[in-house]
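next come a sequence and a model predicted from it.
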Amino acid sequence: MKISNETKIGILAVVSITLLILGFNFLKGKSFFDKNDQVYTIFPKVTGLANSSPVLLNGLQIGMVSEIRERSPNIEDGIVVTINLARHINIPKNSVAFIDASLLGTSNLVIEPGSAGEFLADGDTIGSKVKMAMLDEVTGTLNPALKSLDGTLVSLDSLIQVVGTYFDPNTKNNFHTIIANLAKASAALNQLIASQNSNLNKTMANLESVSGNLASNNESITHTLGNLEKTTDQLAAADIKGMVDNLQTTIGNLNGLVEKANSKDGSLGLLLNDKQLYQNLENTTRSLNILLDDVRVHPKRYINVSVFGRKDKNKPLQAPLNDSTQTTPQSQ
């Protein structure tokens, strides 16, 4: 059986309308396939709340607002908001709902969970409370401050008028003179600052030059600090205490040696301090010099190598010669 084009177009139109209706109701929070629970709440005003507004519990979306209607012909009795829950969730009976309005004008319905052990059932009504929006809170905070400021300005204006009536013309002139002097002083100060501006610029330029030099020599400074650190590490690693102890021991030994040299107990002390020993050594040295001079001057007296020679009968020397290297042999 052949289906005509008109029939196809009709079927397509019916399907499209059905999908449009289902999508529209889905956006409104209604579902034709699942039977969801519905709970209600009542507000005195629903500013910014609309159908399909999200319903949040602890930040999680659990449903949508499916309907907003007046409770009775008298709208002052309140506005009923129908909540279509998208899932089965346990909401304590003492929970409270409030409207959270943002600065952009959109609003969410927020459920603040309670602590009761019993939970809401399908068709129950949840409590509500009115929470001020952020803009309302700011306005409520500023209004008292603005009123107080207005009162202060009015009081100040009145005070100025009252004080002005007590001032005579001379006092007012003095005030004008003081203000003129203040203006002159301000001008002089500005001139002084302008005159010193060049000096300040030079100082800043010098400071910049110094900082530039430091930056250019940064590598050298770093190298110097590194060498200094190495030196301090070597000093820290050196056994300075042992060196000092050895030096003190050496100084102690040297002091002992000096003490022994100064004392008359040892040979060195006797040699340095005994005058008689010095004289004996001096006499021995003089006698040895005399003997050597006599041997050099009269060698035949001690060594006789001539067969026909005669014996040297000269007397031996009694004193050393004045200059042994230049004196000729003389008979004594």
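Right, received. Where do you want to start?

what about the strands in the stretch 51-200 of the chain?
54-57, 60-70, 79-85, 96-101, 107-112, 127-128 (DSSP state E, counting those that start in this stretch).

can you give the domain ranges for the chain?
34-131, 274-332 (automatic domain parsing).

so which of these is the most surrounded?
domain 34-131 (a mean of 15; mean count of other Cβ atoms under 10 Å). Where you see a C-beta, it was placed from the backbone N, CA and C, and this is true even at glycine.

from the middle of its chain, how far away would that one be?
51 Å (Cα atoms, centre = their mean, to the nearest Å).

now swap in stretch 11-18 and tell me
71 Å.

what of stretch 283-302?
Worked out by Cα atoms, centre = their mean, stretch 283-302 lies 95 Å from the chain centre.

the protein: helices as residue ranges?
5-27, 134-166, 169-195, 197-216, 218-237, 240-262, 267-273, 275-297 (DSSP state H).

wait, which of those is closest to Asp37?
helix 5-27 (16.9 Å; Cβ to Cβ).

name the residues of that closest one that are buried.
Buried residues in helix 5-27, counted by 16 or more other Cβ atoms under 10 Å: none are found.

of the strands of the stretch 51-200 of the chain, which is nearest Leu159?
strand 96-101 (43.1 Å).

from what I can see Ser95 touches Ser128, true?
No: between Ser95 and Ser128 there is no contact under Cβ atoms under 8 Å: 10.1 Å.

can you list residues touching both of these two?
Counting by Cβ atoms under 8 Å, 6 or more residues apart in numbering, Ser95 and Ser128 have no common neighbour.

check the gap between Leu225 and Asn217 for me.
For Leu225, the distance to Asn217 (Cβ to Cβ, to the nearest Å) stands at 12 Å.

equivalent analysis for Ile42, please.
In terms of Cβ to Cβ, Ile42 sits 81 Å off from Asn217.

for Val65, same thing?
Distance from Val65 to Asn217, by Cβ to Cβ: 74 Å.

I figured Leu49 hits Val110, correct?
No: using Cβ under 8 Å, Leu49 is not in contact with Val110, being 11.0 Å away.

so what sits against both of those two?
If you check Leu49 and Val110 against Cβ under 8 Å, 6+ apart, the residues they both contact are Ile99.

just checking, Thr47 touches Ala101?
Yes: between Thr47 and Ala101 there is a contact under Cβ under 8 Å: 6.2 Å.

among the strands of the stretch 51-200 of the chain, which is nearest Asp293?
strand 60-70 (133.1 Å).

each with direction, which strands does the closest one pair with?
Next to strand 60-70 in the sheet, as set by DSSP bridges, lie strand 54-57 (antiparallel), strand 79-85 (antiparallel).

okay, those in JSON lines with mean pLDDT and distance to Glu208 next?
Shown next, in JSON lines, are the strands paired with strand 60-70 (pLDDT from 0 to 100; distance: least, Cβ to Cβ, whole Å):
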{"stretch": "strand 54-57", "mean pLDDT": "89", "distance to Glu208": "60"}
{"stretch": "strand 79-85", "mean pLDDT": "89", "distance to Glu208": "70"}
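
just to revisit the earlier point, nearest to Arg87, of the helices of the chain?
Comparing the helices of the chain under Cβ to Cβ, the one sitting nearest is helix 5-27, at 14.9 Å.

tell me how far that closest one lies from the chain's centre.
Worked out by Cα atoms, centre = their mean, helix 5-27 lies 69 Å from the chain centre.

pLDDT (mean, whole number) over it?
Across helix 5-27, the average pLDDT comes to 80.

summarise which helices and strands that helix is packed against.
For helix 5-27, there is no helix or strand it packs on, judged by 3 or more Cβ pairs under 8 Å, 6 or more residues apart in numbering; DSSP states H and E.

pull it out as PDB, backbone CA atoms only.
Written as PDB, here are the backbone C-alpha positions of helix 5-27 (Å, rounded to 0.1, in the frame of the first residue of the first chain):
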ATOM      1  CA  ASN A   5       2.800  12.600   0.500                       C
ATOM      2  CA  GLU A   6       0.000  14.400   2.300                       C
ATOM      3  CA  THR A   7      -0.100  11.500   4.900                       C
ATOM      4  CA  LYS A   8       3.600  11.600   5.400                       C
ATOM      5  CA  ILE A   9       3.500  15.400   6.000                       C
ATOM      6  CA  GLY A  10       0.600  15.000   8.500                       C
ATOM      7  CA  ILE A  11       2.400  12.300  10.400                       C
ATOM      8  CA  LEU A  12       5.600  14.400  10.500                       C
ATOM      9  CA  ALA A  13       3.600  17.400  11.800                       C
ATOM     10  CA  VAL A  14       2.000  15.300  14.600                       C
ATOM     11  CA  VAL A  15       5.400  13.900  15.700                       C
ATOM     12  CA  SER A  16       7.000  17.400  15.700                       C
ATOM     13  CA  ILE A  17       4.100  18.900  17.700                       C
ATOM     14  CA  THR A  18       4.300  16.000  20.200                       C
ATOM     15  CA  LEU A  19       8.100  16.400  20.600                       C
ATOM     16  CA  LEU A  20       7.600  20.200  21.000                       C
ATOM     17  CA  ILE A  21       5.000  19.700  23.800                       C
ATOM     18  CA  LEU A  22       7.100  17.100  25.500                       C
ATOM     19  CA  GLY A  23      10.300  19.300  25.400                       C
ATOM     20  CA  PHE A  24       8.400  22.400  26.600                       C
ATOM     21  CA  ASN A  25       7.000  20.500  29.500                       C
ATOM     22  CA  PHE A  26      10.400  19.000  30.300                       C
ATOM     23  CA  LEU A  27      11.900  22.400  30.400                       C
END
